[in-house]
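# Just to be clear, the model below is a prediction. Sequence and coordinates:
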Amino acid sequence: MTQRKSIGAKLFIALIALTLISCCFLGSTFARYTSGGNGSASTGVAAWKINGPGADEITVTFDEGLSPSMSSFEDSPGADVSNSTAPQLIATITNEGDVAASITISVGNLVLTYQNSDSFASIQDKPSSVKTEEQVKGLFDIALYYGSEASWTNDYLNNGISSGNAIGDELGVGESISIYAVVTWTTKYSASDDGVDMDELDTFAGENVATVSWDVSYTAVQASEIPA
């Protein structure tokens, strides 16, 4: 009899334990519906496309040659005289992207090529006043201008480009700028007592120099963002 009571008590305790365990499952796992899922958020990427000449390098050939000014030392009198090429279009840069761009033009590395010699040093017949190639290079200068129109207007003279500095106006989406170059030959009579040495330098350049060229390059940097 005692053994039956003991077994019954054990069964009763086991039943209570199972009931409590069931309540725990019902109370936590099955108390309410829950669900999960996966999703994504995406945005388009603002395009960056600056269309310009020659992989960021600009090459220009002037259709006409260039000579020194006809004015003499006595005509000046004793002041520098110069002669310049007509403005020539050397590049058109277009912003085909989705954000504005800041454009910088850089000019450097003046190079002279000679008509019948490989280098300045190999030219045998030089006047005594022409001692270095730097004197010859000093005759020539290049100026750059920009504007939004495809053809030159004198208003561009107000839009000079300073080498290595960003052009004043940002290039907006869909906009283009035209870059023009003017090369000037300057006879520096102001640095001469009587102009003879400067005339000799001009004559040497005219007899020996075939071409005058500069490296001209541009860079474009993002100047706006999306969304604004």
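Good, I have the coordinates.

# And the contacts of stretch 91-100?
With CB atoms under 8 Å, 6 or more residues apart in numbering as the contact definition, stretch 91-100 has outside contacts at 46-53, 58, 101, 103, 150, 170-179, 216, 218, 220, 222-226. In short, each C-beta sits where N, CA and C put it, glycine included.

# Could you turn the buried ones of those residues into a ChimeraX selection?
For selection in ChimeraX, the members of the contacts of stretch 91-100 meeting the burial criterion (16 or more other CB atoms under 10 Å) are listed in this command:
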select :50,52,53,58,101,103,170,171,176,177,178,179,216,218,220
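
# now, which of the contacts of stretch 91-100 lie within strands?
With strands identified by DSSP state E, the entries of these that belong to them are 50-51, 58, 101, 103, 176-179, 216, 218, 220, 222.

# and which of those is nearest to residue 115?
When these are compared for distance to residue 115, the smallest value, 23.7 Å, is given by residue 216; criterion: CB to CB.

# Give the bridge partners for the closest one, please.
Per DSSP bridges, residues listed as beta-bridge partners of residue 216: residue 58, residue 107.

# before we move on, the earlier item: okay, who's weakest in the ones in strands among the contacts of stretch 91-100 by pLDDT?
Per-residue confidence over the ones in strands among the contacts of stretch 91-100 reaches its minimum at residue 58, where pLDDT is 71.

# you'd agree that residue is up against residue 214?
No. Residue 58 is not in contact with residue 214 according to CB atoms under 8 Å; the separation is 9.4 Å.

# re the thing from before, just name the closest of the ones in strands among the contacts of stretch 91-100 to residue 187, please.
Looking at the ones in strands among the contacts of stretch 91-100 and their distance to residue 187, the nearest is residue 216, at 24.6 Å (CB to CB).

# Now for that closest one: which residues touch it?
Contact partners of residue 216, counting by CB under 8 Å, 6+ apart, are 57-58, 60, 90-91, 105-107, 144, 181.

# one more time with 7 Å, if that's ok
Residues touching residue 216, when contacts are defined by CB atoms under 7 Å, 6 or more residues apart in numbering, comprise 58, 90, 105, 107.

# Now the third one: which helix or strand?
Secondary structure assigned from DSSP states H and E places residue 105 in strand 101-114.

# Tell me which other helices or strands that strand touches.
Applying 3 or more CB pairs under 7 Å, 6 or more residues apart in numbering; DSSP states H and E, one finds that strand 101-114 contacts helix 133-137, strand 140-147, strand 209-222.

# Can you verify residue 190 is assigned to a helix?
Yes. Using DSSP: H, G, I helix; E, B strand; the rest coil, the secondary structure at residue 190 is a helix.

# where does it land on pLDDT?
Residue 190 is assigned 95 on the pLDDT scale.

# For this structure, give me the ranges with low pLDDT.
Low-confidence segments of the chain (pLDDT under 70): 1-44, 46-47, 52-57, 59, 61, 63.
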